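>>> Structure here, sequence nowhere to be found:
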């Protein structure tokens, strides 16, 4: 479950409720990993909220340097979870902290085995194999916008951006797909989630939209133009998907609604 | 020539130079129509700049109410022009002032006969038959973003938006095309122009991009959702086109570069 950041935590908390439900609610054991954030009690708020909306057990895993991500006690707690929540902050920091560690490996294995993993903002971006590492937004596409890094690899062949409409990131996502037309761009608005099921369907939940950028037919000169000059990027297919809409990652189309 | 606003007027003025050249430079007689603007000397700056970069004769037509747009002297001057320039301001004001008047009719006829018409910002939006009249931007698409009015009809089957990346208007243009998939959306960045030739090719000039939104294959529920809720809009094909790039309005594709 990739959340675009700033999800409602005080009112009906639709997104977090859905996550808690997926984790088993009354039988849930959720591990919150706050390592993307530099704020000391970043995980605490989620612990409280997830607990208040019905998750039986919620624990914050204290991973604030790479050695913590090798701690056997932490890995053991994690492996007993029925759900994992990654907070916001910096996806680069999060990847640096847990990428390639026993904690990082456990997250991948558990998720493959069916344990739900939710991430908000940075925690959403870190889920893909190729991850957005940053880059300016707010103009039409520029090659300089595309800065990549390695994510946790929970989901392949996509790149996930967040705070999407709020930070005017359409052009940045198109530029990133321009560099990797094999990747599918997924841009998630705030208080909105893309729930990716094991059979590779996306379901949209929340107040905003999810934008899909499909570069299958894309043609571009992005690698030839100067970083600050606008490239030509043609034949990008885009889909804005609102609440309840579904998209098939394998078929690459929006599932028609009844 | 549709200009996205804020075109360079003090340095090399590439866009205005190109327009002056199309009008004949040393033999040019350009009429500037400042009626979109409420500022009293809005036309004067363009008169000076166009003159300084080589246009032989530049006259500002004083049309500040609808009756002026029926003035025989003004219509006569206009009909002797080798080029017409529409300033920025409000496209609704401009359409209200000259739409359906002898001045409005003369602009259409002259343009059809090959006289170049340039418009910047509001002056660009007013060129289409169905015109963007306003609407909020800055979120993913909403039906409430699509507000239309009637333009001058110099070019059919398109809708032109401006200050495009600068004011984060991608979603608004996609929403407007969602209402009219037969229309082609053209979004023009600042200091950037879409030069539309009589044989219906667009050539991009300037510092930014032109975004084309092609709704031919679009599917959407935009008419069913609440104005403030995000609709699903799928299969929009988009093209970002930079300096020197060309697009065929009839073929609906980007012309490959050599």
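Received it, and whenever you're ready, just let me know what you need. Keep in mind that this is a model prediction, so the values were computed, not measured.

>>> residues from the stretch 51-200 of chain A in reach of chain B?
Residues of the stretch 51-200 of chain A lying near chain B by Cβ under 8 Å from any Cβ of the partner chain: A:138-141, A:164-166, A:168, A:170-171, A:174, A:189. Every C-beta, even on glycine, is put in place using the N, C-alpha and C of the backbone.

>>> Now render those as TSV, adding distance to residue A:250.
Listed next are those as TSV, based on distance: Cβ to Cβ, whole Å:
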residue	distance to residue A:250
A:138	33
A:139	33
A:140	31
A:141	27
A:164	23
A:165	26
A:166	29
A:168	30
A:170	24
A:171	27
A:174	22
A:189	24
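
>>> Which of those residues are buried, as a PyMOL select command?
Command for PyMOL that selects the buried part of those, burial taken from 16 or more other Cβ atoms under 10 Å in any protein chain shown:
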select buried, chain A and resi 139+140+141+164+165+166+168+170+171+174+189
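
>>> Identify the residue with the minimum pLDDT among the residues of the stretch 51-200 of chain A next to chain B.
Per-residue confidence over those reaches its minimum at residue A:138, where pLDDT is 84.

>>> Leaving out the residues flanking it, which one is nearest to that residue?
Leaving aside its chain neighbours, residue A:138 sits nearest to residue A:168 (4.9 Å; criterion: Cβ to Cβ, 6 or more residues apart in numbering or on different chains).

>>> ok so residue A:108 is a helix residue?
Yes - read with DSSP: H, G, I helix; E, B strand; the rest coil, residue A:108 is one of the residues of a helix.

>>> For burial, what's the neighbour tally of it?
A count of nearby residues for residue A:108, using other Cβ atoms under 10 Å in any protein chain shown, gives 13.

>>> what residues are up against it?
By Cβ atoms under 8 Å, 6 or more residues apart in numbering or on different chains, the contact list for residue A:108 reads A:152-154.

>>> ditto for residue A:126
For residue A:126, the residues meeting the contact criterion (Cβ under 8 Å, 6+ apart) are A:36, A:86, A:91, A:94-95, A:119, A:151-152.

>>> what does residue A:63 give?
Residues touching residue A:63, when contacts are defined by Cβ under 8 Å, 6+ apart, comprise A:33-35, A:69, A:71, A:74, A:97-98, A:103.

>>> Let's see which of those residues end up in helices.
When helices are assigned by DSSP state H, the members of those inside them are A:74, A:97-98, A:103.

>>> buried subset of those residues?
The neighbour-count criterion (16+ other Cβ under 10 Å) marks A:74, A:97-98, A:103 among those as buried.

>>> which SS class is the residue nearest to residue A:138?
If you use three-state DSSP, then residue A:168 falls in the coil class.

>>> how near is it to residue A:45?
For residue A:168, the distance to residue A:45 (Cβ to Cβ, to the nearest Å) stands at 27 Å.

>>> same deal with residue A:204?
Computed with Cβ to Cβ, the distance linking residue A:204 and residue A:45 is 25 Å.

>>> So for those two, which residue has more residues nearby?
Higher neighbour count among residue A:204 and residue A:45: residue A:204, with 23 against 15, using other Cβ under 10 Å.

>>> Now do the phi/psi pair for the more buried one.
Phi and psi for residue A:204, reported as degrees, to the nearest 10, are phi -100, psi 130.

>>> could you pull out the strands for the stretch 101-250 of chain A?
Counting by DSSP state E, counting those that start in this stretch, the stretch 101-250 of chain A has these strands, from start to end: A:117-120, A:130-134, A:147-150, A:158-161, A:184-188, A:192-196, A:201-206, A:210-214, A:219-220, A:233-241, A:246-248.

>>> Determine which two of the contacts of residue A:63 are furthest apart.
A:34 and A:71 (15.0 Å; Cβ to Cβ).

>>> Those two: which has the busier surroundings?
When residue A:34 and residue A:71 are compared for neighbours, residue A:34 comes out ahead with 27 against 17, by other Cβ under 10 Å.
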